[in-house]
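Colleague: Give me a model of this one.
(one chain, ligands or ions: 1)
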Amino acid sequence: MTTYNDILTSAKQTLEGVCRVCPVCDGKACRGQIPGVGGKGSGRAFTVCRDFLDGVRIHMDVIHPHFEADTGIGLFGRRFRYPFFAAPIGGMKLNFGGRITEEAYVRAVAEGTRQAGTFAWTGDGPDESIFQTTLPFIREAEGAVIPTIKPWTQEKCLARIREIEAAGAMGFSMDIDSAALINLKLMGKPVFTKSAQELRELVEATDLPFVPKGVMTPAAALRCAEAGCYGIVVSSHGGRVMEDAPAPASQVAAIRKAVGASLKIFVDGGVRTGADVFKCLALGADAVLIGRPYAIAAHGGGAEGVRLLTEKIGAELSETMLMTGCSSLEEITIEHTGT
Ligand SMILES: Cc1cc2nc3c(=O)[nH]c(=O)nc-3n(C[C@H](O)[C@H](O)[C@H](O)COP(=O)(O)O)c2cc1C
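Modeller: Below you'll find the model as predicted:
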């Protein structure tokens, strides 16, 4: 029987020279490695993610009737088994040395998460094929994939939205934090920041729920709420787009306070375990995205690696909920954590 540890051993071989598959993926060994798997420049915007989550404590309370925790969540009008999902990761050739194809990657995350009862977000890039690769998998997953498009010109974004609708996706995202990616400009594929008005245009152009990714302040989150977005991803793109961004999880409580229940809040950056997922939810997030560990699992064992990682983190979350007396996700509140 294949175990998650077997997947890591295999990933270490497949990714040799690209990613060290460290015991904890914390951004230290790969500082500045972009293209690659690291954080930008000093790498601090990545390492701070682990530092923050490591500093949050969870209060144990086991005096309660025994239960099997319900880890299920409703999102995009559907029900999923766990509140954490594979984050969009694009550029297998550029970032992972082409050890697997873009198609093999999307297949691994789309099928593996689906087998585990969750879903994957997929990426976009300068090479047209990165986005196009996703479309058949959206159909295969009966829409349970969130494609994430780059902040291209409005015209190109609208064209992408039409393709996403035709593929039957349950929603879509845009990594608006890619606005300054110089490599896209150099490749003749410029990207832009988006005004609140431009976000509204995209919301109004489709019935699909829209979730901008890369929202890091209460003010920006409020602009998304006013534009009619379904949700936001509080994210610093894994520390890859701006030096010295704070840990996204550290911003969630203030953002939740500002927007109330008007937006679904996803958060990512350094989330590695079920306990980390619990902490993010306690801070006010509805759900969580996980990036590099899914890329490692997919390189180590394809869809099976992705399924095993999901089940491992799911079991850790379930155990943490039992140990804190939270029988459902709604019961996970700030009172369950401290520093
Ligand atoms: C190699 C690599 C490629 C990525 N590509 C994309 C992408 O195409 N679109 C996107 O929205 N985010 C992309 N991201 C960011 C992730 O979606 C996510 O925000 C980040 O990896 C979360 O942090 P974590 O890896 O520490 O979990 C990428 C991240 C990495 C490491």
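
Colleague: For burial, what's the neighbour tally of the residue of the stretch 201-339 of the chain found nearest the ligand?
Modeller: Scanning the stretch 201-339 of the chain for proximity to the ligand using C-beta to the nearest ligand atom identifies residue 291 as nearest, at 2.4 Å. (Glycine included, C-beta is placed from N, CA and C.) Under the neighbour criterion other C-beta atoms under 10 Å, residue 291 is assigned a count of 23.

Colleague: Name all residues that make contact with it.
Modeller: 86, 87, 89, 238, 268 (C-beta atoms under 8 Å, 6 or more residues apart in numbering).

Colleague: go on, residue 231?
Modeller: If you count contacts by C-beta under 8 Å, 6+ apart, then residue 231 has 209, 211, 263, 264, 265, 266, 286 around it.

Colleague: now do residue 244
Modeller: Remark: with contacts taken as C-beta under 8 Å, 6+ apart, residue 244 is in contact with 42, 44, 45.

Colleague: Just the pLDDT for whichever residue of the stretch 1-150 of the chain sits closest to the ligand.
Modeller: The stretch 1-150 of the chain approaches the ligand most closely through residue 123 (2.6 Å), counting by C-beta to the nearest ligand atom. Looking at residue 123, its pLDDT reads 96.

Colleague: cool, residue 38 as well?
Modeller: 97.

Colleague: how about it, secondary structure?
Modeller: Secondary structure state of residue 38, per DSSP: H, G, I helix; E, B strand; the rest coil, is coil.

Colleague: Name all residues that make contact with the closest residue to it other than its chain neighbours.
Modeller: Counting by C-beta to C-beta, 6 or more residues apart in numbering, residue 38 lies nearest to residue 30, which is 3.6 Å off, once chain neighbours are set aside. Residues in contact with residue 30 (C-beta under 8 Å, 6+ apart) are 19, 20, 36, 37, 38, 39, 43.

Colleague: And for residue 91, the neighbour number?
Modeller: Here the number of neighbours of residue 91 (other C-beta under 10 Å) works out to 18.

Colleague: was I right about it contacting residue 133?
Modeller: No - taking C-beta atoms under 8 Å as the contact criterion, residue 91 and residue 133 are not neighbours in contact, 11.4 Å apart.

Colleague: Now do the strands in the stretch 51-200 of the chain.
Modeller: For the stretch 51-200 of the chain, the strands defined by DSSP state E, counting those that start in this stretch occupy 57-58, 73-75, 78-80, 84-86, 120-122, 145-149, 172-175.

Colleague: got it, and the stretch 201-339 of the chain?
Modeller: Shown for the stretch 201-339 of the chain, the strands assigned by DSSP E, counting those that start in this stretch span residues 210-213, 231-234, 264-268, 287-290, 337-338.

Colleague: just those: most buried one?
Modeller: Comparing those on average neighbours per residue, with mean count of other C-beta atoms under 10 Å, the densest one is strand 231-234 at a mean of 29.

Colleague: Now the residue of the stretch 1-150 of the chain closest to the ligand. Nearest residue, chain neighbours left out?
Modeller: Here the nearest residue to residue 123 in space, its sequence neighbours aside, is residue 90; by C-beta to C-beta, 6+ apart that works out to 2.8 Å.

Colleague: how far away is that neighbour from residue 298?
Modeller: For residue 90, the distance to residue 298 (C-beta to C-beta, to the nearest Å) stands at 13 Å.

Colleague: One more: residue 213?
Modeller: Taken as C-beta to C-beta, the spacing of residue 213 relative to residue 298 amounts to 20 Å.

Colleague: Quick one: buried ones out of the contacts of residue 30?
Modeller: When burial is judged by neighbour count using 16 or more other C-beta atoms under 10 Å, the buried members of the contacts of residue 30 are 19, 37, 38, 39, 43.

Colleague: Could I get the contacting residues of residue 183?
Modeller: Residue 183 makes contacts with 35, 126, as judged by C-beta under 8 Å, 6+ apart.

Colleague: Surely residue 171 is in contact with residue 208?
Modeller: Yes - under the criterion of C-beta under 8 Å, residue 171 makes contact with residue 208 at 5.2 Å.

Colleague: For stretch 137-151, what is the distance to the chain centroid?
Modeller: From the chain centre to the centre of stretch 137-151 is a distance of 14 Å (C-alpha atoms, centre = their mean, to the nearest Å).
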